[in-house]
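>>> got a predicted structure here, sequence first:
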Amino acid sequence: MRVLVDTSIWSLALRRTEHLTNPEVPELRRLITAHLVEIIGPIRQEVLSGVRNQPQFDRLEVSLAAFADVPLLAEDYVTAAKFFNLCRSKGIQGSNTDFLICAVAVRHDFAVFTTDGDFVLFVKCLPVVLHEVKRMSAQAPAHHRRSSAETL
């Protein structure tokens, strides 16, 4: 299944220094290597917004340029509004961009890869699939865990 990668994951991998301790970063690398990653323009904008340092902005822009935006259609915005209204009627709040991500993911049958806890609430009401990091079993020998991590 192709995966729509949310801003929170891109930010962990490209903007933050604690990425070495987050399992989401090697998972993103795995998805990139497998050519399963998707992005939309609003996510690209969120990742690039607020970067004060021009060289850092340029590096981020170049890194993201490897990924073409999934085209957005009028129906995506309508579906996002329907999702917003449905979730709101159940007391669940979210941003317009989050609901647009859900709409695009549903239309294309993408999973959503995010660390944003709001999406856990959305899946209670919406036909959205979340991509989960495949974690190593605590029972696996240490040498097995290390060699698996090195392959990503």
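It's in.
>>> buried residues in the helix or strand harbouring residue 106?
Using DSSP states H and E, residue 106 sits in helix 96-108. Across helix 96-108, burial judged by 16 or more other C-beta atoms under 10 Å covers 97, 98, 99, 100, 101, 102, 103, 104, 105, 106. Any C-beta I mention is one placed from the backbone N, CA and C, and that applies to glycine too.
>>> kindly reformat these as CSV containing distance to residue 76 and pLDDT.
Output for the buried residues of helix 96-108, formatted as CSV (distance: C-beta to C-beta, whole Å; pLDDT from 0 to 100):
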residue, distance to residue 76, pLDDT
97, 12, 97
98, 13, 98
99, 10, 98
100, 6, 98
101, 10, 98
102, 10, 98
103, 5, 98
104, 5, 98
105, 10, 98
106, 9, 98
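>>> output the contacting helices and strands for the helix holding residue 106.
strand 3-5, helix 41-48, helix 74-89, strand 111-113, helix 118-122 (3 or more C-beta pairs under 8 Å, 6 or more residues apart in numbering; DSSP states H and E).
>>> quick one: contacts of it?
2, 4, 6-7, 38, 40, 42-43, 46, 70, 72-73, 75-77, 79-81, 83-84, 87, 110-112, 114, 116, 118-119, 122, 126-129 (C-beta atoms under 8 Å, 6 or more residues apart in numbering).
>>> of all the helices and strands packed on helix 96-108, which one is nearest residue 33?
strand 3-5 (12.4 Å; C-beta to C-beta).
>>> for that closest one, packing partners?
helix 24-33, strand 37-38, helix 96-108, strand 111-113.
>>> list the contacts of that strand.
Among residues not part of strand 3-5, those counted as contacts by C-beta under 8 Å, 6+ apart are 28, 31, 36-40, 43, 70, 101, 104-105, 108, 110-114, 131.
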